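**Student:** Task: produce atomic coordinates for the following.
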Amino acid sequence: MKTALNRREVLKLSVLGGLGLSFNPLSNVLNPLDKIGTRVIPSSGETLPMVGVGTWQTFDVGSSTEKRKVLSEVLSQMYVYGGRVIDSSPMYASSESVVGDLTANLGFQNELFYATKVWTSGQQAGIRQMDASMRKMKRKQMDLIQIHNLVDWKIHVKTLKKWKDEGKIRYWGITHYVDSSHSSLEKIIVSERPDFVQFNYSIRSRHAENSLFKTVEKYGVATLINQPYESGSLFRIVKGKSIPEWAKEFDIHSWGQYFLKFILSNKNVTCVIPGTSKPHHMIDNMKAGLGRMPDERLRNKMASHLKSL
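**Tutor:** Model prediction:
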């Protein structure tokens, strides 16, 4: 088994080499054979790697060859460490097309989990938009389509349920990014039973712990977490400060890992999708899915420490 794994990893690393990525294992404390942890999608029993990538702003690079090359490295690094989830939306300008073009040129295209959204009003407009998203992302079957920010959700949910029955999509879901919409997400979970719900959650923004996480657990709904870094504001708080030594006991070696591991230590988090356009940030994000996860005592200590800064 070890030989087979090594051979498979060599193939993965050769992809990186073909992209011009300089890979130096000595510069990374992780063994490239390490894979991030997975969580179960309740509606199917399928497992999903717990760290993926969001594409808002970061993948909106148009036709820039240089920027596309770097983003190919981002996706390759995600794959090397076991990541699969790519979340996009027609709202994100050229991001869907960039994802489709880049993954078409990678040897692991069909091993990824493609998620996008519908973000328009009206049944036919929604169908046209979702068909366009599938063309842009070069998918005959989409893994997940979500109703973006609940726009015209009562109409789109009918289409998505039909498409799932027909096999055009594998899962459907709903999304939002603000605390004030959590109650609406809960009501739809209870009435419509989506496969996925995507919402905001972070070490400082913990409103979802009040009720939403209890609802997803009760009704068996997978979760995608957006805004894990609060649009970068968390990094501004800790700029110039070192992570506490006690955090390293739980394999936390950067502030990014600190913030993501706090999220992932919540058992009802299926996958967190931080956005990035930098390969070394992608590696750092992946590290959050490795090693020990904080227990409740450490979670409280982590949150308190951040408040004290």
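**Student:** Spatially central residue for the protein, please.
**Tutor:** The residue lying closest to the centre of the chain (Cα atoms, centre = their mean) is Ile273, at 2.5 Å.
**Student:** ok, now how distant is that residue from Ala247?
**Tutor:** 23 Å (Cβ to Cβ, to the nearest Å). In this view, the C-beta of every residue, glycine as well, is placed from N, C-alpha and C.
**Student:** repeat for Lys168
**Tutor:** Taken as Cβ to Cβ, the span from Lys168 to Ala247 is 44 Å.
**Student:** Among these two, which residue is more densely surrounded?
**Tutor:** Ala247 (21 against 18; other Cβ atoms under 10 Å).
**Student:** quick one: contacts for that one?
**Tutor:** Shown in contact with Ala247 (Cβ atoms under 8 Å, 6 or more residues apart in numbering): 258, 302.
**Student:** give me phi/psi at it?
**Tutor:** When read as degrees, to the nearest 10, the backbone of Ala247 gives phi -70, psi -30.
**Student:** quick one: low-confidence ranges for this structure?
**Tutor:** For the chain, applying pLDDT under 70 flags the ranges 1-33.
**Student:** again, only using 50
**Tutor:** Within the chain, the stretches with pLDDT under 50 are 1-30.
**Student:** residue boundaries of the helices in it?
**Tutor:** For the chain, the helices defined by DSSP state H occupy 2-18, 65-80, 95-104, 123-136, 153-166, 182-192, 212-219, 233-238, 255-264, 279-287, 296-308.
**Student:** what's the burial count for Ser44?
**Tutor:** By other Cβ under 10 Å, neighbour count at Ser44 equals 13.
**Student:** Would you check that my belief about it contacting Asp195 is correct?
**Tutor:** Yes: using Cβ atoms under 8 Å as the test, Ser44 is close enough to Asp195 to be in contact (7.5 Å).
**Student:** Quick check: neighbours shared by the two?
**Tutor:** Tyr171.
**Student:** picking up where we left off before, tell me which of the helices of the chain lies nearest to Gly54.
**Tutor:** helix 95-104 (9.3 Å; Cβ to Cβ).
**Student:** What would the closest one look like as PDB? C-alpha coordinates only.
**Tutor:** C-alpha atoms of helix 95-104 as PDB (Å, rounded to 0.1, in the frame of the first residue of the first chain):
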ATOM      1  CA  SER A  95     -14.900  33.000 -11.600                       C
ATOM      2  CA  GLU A  96     -17.000  30.200 -13.000                       C
ATOM      3  CA  SER A  97     -15.400  30.300 -16.400                       C
ATOM      4  CA  VAL A  98     -11.900  30.500 -14.800                       C
ATOM      5  CA  VAL A  99     -12.700  27.400 -12.700                       C
ATOM      6  CA  GLY A 100     -13.900  25.500 -15.700                       C
ATOM      7  CA  ASP A 101     -10.900  26.400 -17.900                       C
ATOM      8  CA  LEU A 102      -8.400  25.700 -15.200                       C
ATOM      9  CA  THR A 103      -9.800  22.400 -14.000                       C
ATOM     10  CA  ALA A 104     -10.200  21.200 -17.600                       C
END
